[in-house]
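Enquirer: build me a structure from this.
(2 chains)
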Amino acid sequence: MKIELRLAIRDRARYLSHLEMVDLLLAALRRAGYEVALSNGMRPRPVISLALARGVGIASEDERCTVELVGSDIDLDDLVERLRATCPRGVVPIEAGVAGARSIVAEATYCIEFDAPGDLVAQAVAGYHSATELAVPRRSPKQRRSIDVRRFAPELVLAGSAVTVAIAIFEDGSAKPEEVVRALSHCANGDLPVAGITRLAVRTVPNPARVGATENT
Amino acid sequence: MEASPLQKTIEHLLTSVEKPSRYIGGETNEVVKPEATVRVALSYPDAYEIGISNQALQILYGLINNRTAAAAERVYCPWPDMADAMRRDGVPLFTLESWRAVRDMDLLGITLQAELTYSNVLELIDLAGIPLRGADRSEGDPIVLAGGPSASNPMPLAAFVDVFFMGEAEEGLLQIIEILEQVTGREERLDRLAMLPFLYLPSRGERPVERLVFADFSIDTQPTSPVVPYASAIFARASVEVMRGCTRGCRFCHAGTWYRPVRERRVEDVVTAGLQQLDCTGYDELSLTSLATSDWTGVARAITEIKADRPQLNLSLPSNRVDTGPVALLAAANSRQRSITLAPEAATQRMRDIICKTITDEMIDTAIDAAFAAGYTSIKLYFMIGLPLETFAEVEGIVELGYRAREIGRRHLGEGGKFTVHVSASNFVPKPHTPFQWDGMAHPDQLRVKQDYLRRALKGRQLKLSLHDARTSMLEGAIGRGDAITGDVLEAAWRAGARFDAWTEHHREDLWQEAFQAFGRDLVAEATRERDPLDTLPWDHVRSGVSKEFLLDEWWQSRAERPTGDCRWDGCSDCGACVGPVRNRLVEA
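Expert: This next block holds a predicted model:
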């Protein structure tokens, strides 16, 4: 039975990496008494995936995990209850549902809290909105390129020293919330220290074209 | 609860360091006890992924936290990027559970499993904000205690450690905690601790200190809910220690002396503990550990019972002897694992007689044949080079045995069969309290010549070779049999920047050579120096239970190329380890 779990990642647990999160969820499911289904092939692996990789250090109120459990009659409320008892500190199961057709993440909304005066943040947001393009460099071990942050995150909502931003995920890529911070720092002509970033919500859309894509993380 | 300024600063640091999960705690089965009146920080002086995998600390963590008034928390050595950031921002070493400063604890307990972690011991003490040398500490500083197998020669760390624990800690550590609960002042506590015969307090002078043996070896001390590490740990599996001690008598082996005599656990207890641990951790692998699990008389029955209960379980039996029994057992135990390690240690009969490894060529060939027959496709053969009395014929023997194993593999899987014979050759390092404690290491130039030969001679399809870095082996040898001056060298090297010496990317041979030279010594000369049997050794005041006369007799037997029997089956060899209730105890005998 394929399940979609929604979890919150809070406190120190936000420093766990994607792989660490997958491993601890597998162990938590086993402790809760569930058997995770294995994939076919020469090297069977547990059928589990997280919808959208989360940067280390970013908290989340909407972490989506799809996992296939052995059995067809699984009480979803009971699953959440049992997982709450077996997940480590800071990993909080919120709800579970039967996974539907394959979907892709179209947008993720983040709240970025700055450790800076509200007027300075407001000035940065105004600069952000007035710019037509905000390019920030992205370096990876393989390449260096430039990302136009505004293309993926055109609108910021300011509340005191916090900014809420919905970042679109297109077929050719997306921006990271840290890159939005860098763009805002650029607009503020200096570093804007961050107190914390939280992913508030993830929006998915059906994508039949993705059916058959790799299931494992 | 509002975060303290220290906790806020730690959070800030975590955004900029590699693998922040090393420092966050919060793993499943972690214990947090804010109400405790005695607080202990347990430490493994290496990175989280190494330290969290240490079974001994998991045992002690569980035992201390079972006491109402005491709390054990964990701390590992911060990776250099984190350590530098902590120094820059004035963050003291903190425990994972509560993010409290280690210097506010009553005791910092450090396990010494390897000499190459000694610079990290200094790093831990310094990062904690505790005066580096015991003589400079005062009221309010925690007691720094070190235990574990490498504490059997305490002298290189004697200036930095307040108390050394000799032997097996299950019962003795609780005696220490009781004293900490009863007495508050640092000096008063040390005075009380000095009365325990298994503790060595350098500040109270050099007196004989006895290794403590956990005679009962009760299953009750085995943790049922060990902390489940995050994914980066080197070992993430349930494990039950099935047996302690080994009397095979390999003359190079420190554990073979330090953990005598053999005490086996009952099959029923092991099976129950293993299944409980699996349920409490969510692991899908169970390891039955000991110095040589295939020697445990209950191994076959335990495998049968565990597999009957959990047919899909990945069951691993590390540390197996070379004969067909363990291979067959392993095959029965584990259908998913395709690799097996066999440890002939030496490739020729002469050298095996010298080191007292009582196996024959025929046994080795039979074991390899059985392993391939059982379906293993990766056979790792473990050897040592640089052993006492070694000639080049012994090194050639490793090459011959490697090719012989390949031929056996080809008989099973064909000329182009998909399998690997992995030959691993480490460098012999003499250890205190062993019959070879008087021998020197081979000179690094000799080791390199032998390693070069192995590289040239042992290559080809289906063969793989791995060798140990001669530089780190030399350092291990120079520190391991060191004295108080070695402690000064250690401090000089650490002050110059040495840390994480076991990690090749951090090992700085130049710093160590300069440090040795600053004290009129030479690193290589220290490691290769032979000791005179008539000399007093720096660790002579530590009584392992095995007599020095026995060790010396074994040394002579090695020169005569004569192995000694195992007292479990061949009669007592009068080593001295069995006293009163402390004696070999086999479950299926």
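Enquirer: near chain B, which residues of chain A?
Expert: By Cβ under 8 Å from any Cβ of the partner chain, the part of chain A that sits against chain B consists of A:11-13, A:15-17, A:19-20, A:22-24, A:26-31, A:56-57, A:86-90, A:194. Heads up, the C-betas are built off the backbone N, CA and C, glycines and all.
Enquirer: please identify the buried residues of the longest helix along chain B?
Expert: Counting by DSSP state H, the longest helix found in chain B is helix B:392-413. Along helix B:392-413, the positions that meet the burial threshold by neighbour count (16 or more other Cβ atoms under 10 Å in any protein chain shown) are B:394-399, B:401-406, B:408-410, B:412.
Enquirer: can you list contacts of it?
Expert: Where contact means Cβ atoms under 8 Å, 6 or more residues apart in numbering or on different chains, the residues beyond helix B:392-413 that reach it are B:344, B:346-348, B:350-351, B:364-365, B:368-369, B:372-373, B:377, B:379, B:381, B:383, B:385, B:387, B:417, B:419, B:421, B:423, B:425, B:450, B:453-454, B:457-458, B:460, B:462-463, B:465.
Enquirer: make a PyMOL selection of the buried ones in those residues.
Expert: Here is the PyMOL command that selects the buried residues among the contacts of helix B:392-413 (16+ other Cβ under 10 Å):
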select buried, chain B and resi 344+346+347+348+351+364+365+368+369+372+377+379+381+383+385+387+419+421+423+425+450+453+454+457+458+462+463+465
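Enquirer: can you list which of the contacts of helix B:392-413 are found in strands?
Expert: Judged by DSSP state E, strands contain the following of the contacts of helix B:392-413: B:Pro344, B:Ile379, B:Leu381, B:Phe383, B:Ile385, B:Val421, B:Val423, B:Ala425, B:Leu463, B:Leu465.
Enquirer: right, and B:Ala83 touches B:Ala128 too?
Expert: No - B:Ala83 lies out of contact with B:Ala128 (Cβ atoms under 8 Å); the separation is 11.4 Å.
Enquirer: give the residue farthest from the middle of chain A.
Expert: In chain A, the greatest distance from the average C-alpha position (Cα atoms, centre = their mean) is reached by A:Met42, at 30.6 Å.
Enquirer: return the distance of stretch B:58-65 from the chain's centre.
Expert: A distance of 18 Å separates the centroid of the chain from that of stretch B:58-65, by Cα atoms, centre = their mean, to the nearest Å.
Enquirer: average pLDDT across it?
Expert: Across stretch B:58-65, the average pLDDT comes to 96.
Enquirer: same question, stretch A:164-177
Expert: Stretch A:164-177 shows a mean pLDDT of 93.
Enquirer: swap in stretch B:116-134?
Expert: Stretch B:116-134 comes out with an average pLDDT of 98.
Enquirer: for that stretch, how far is the first residue from the last?
Expert: Start and end residues of stretch B:116-134 are separated by 21 Å (Cα to Cα, to the nearest Å).
Enquirer: residues in contact with residue 42?
Expert: You didn't pick a chain, so chain A it is. A:Met42 makes contact with no residue under the criterion Cβ under 8 Å, 6+ apart.
Enquirer: ah, I was thinking of chain B
Expert: If you count contacts by Cβ under 8 Å, 6+ apart, B:Leu42 has them with B:Leu57, B:Leu60, B:Tyr61, B:Ile64, B:Ala72, B:Glu73, B:Arg74, B:Val75, B:Gly109, B:Thr111.
Enquirer: so what's the last one closest to, chain neighbours aside?
Expert: Computed as Cβ to Cβ, 6 or more residues apart in numbering or on different chains, the closest residue to B:Thr111 that is not its neighbour in sequence is B:Gly148, at 4.1 Å.
Enquirer: what about the one you found, distance to B:Ala56?
Expert: Taking Cβ to Cβ, to the nearest Å as the measure, B:Gly148 and B:Ala56 are separated by 7 Å.
Enquirer: Throw the contacts of B:Leu42 into CSV and include neighbour count and secondary structure, thanks.
Expert: What follows is the contacts of B:Leu42, written out as CSV (neighbours: other Cβ atoms under 10 Å in any protein chain shown; DSSP: H, G, I helix; E, B strand; the rest coil):
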residue, neighbour count, secondary structure
B:Leu57, 25, helix
B:Leu60, 24, helix
B:Tyr61, 24, helix
B:Ile64, 25, helix
B:Ala72, 28, strand
B:Glu73, 27, strand
B:Arg74, 23, strand
B:Val75, 28, strand
B:Gly109, 26, strand
B:Thr111, 25, strand
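Enquirer: apart from its chain neighbours, what residue comes closest to the most centrally placed residue in chain B?
Expert: Nearest to the centroid of the C-alpha atoms of chain B, with distances taken as Cα atoms, centre = their mean, sits B:Gln113, at 4.1 Å. The shortest distance from B:Gln113 to any non-neighbouring residue, by Cβ to Cβ, 6+ apart, is to B:Gly148 (5.3 Å).
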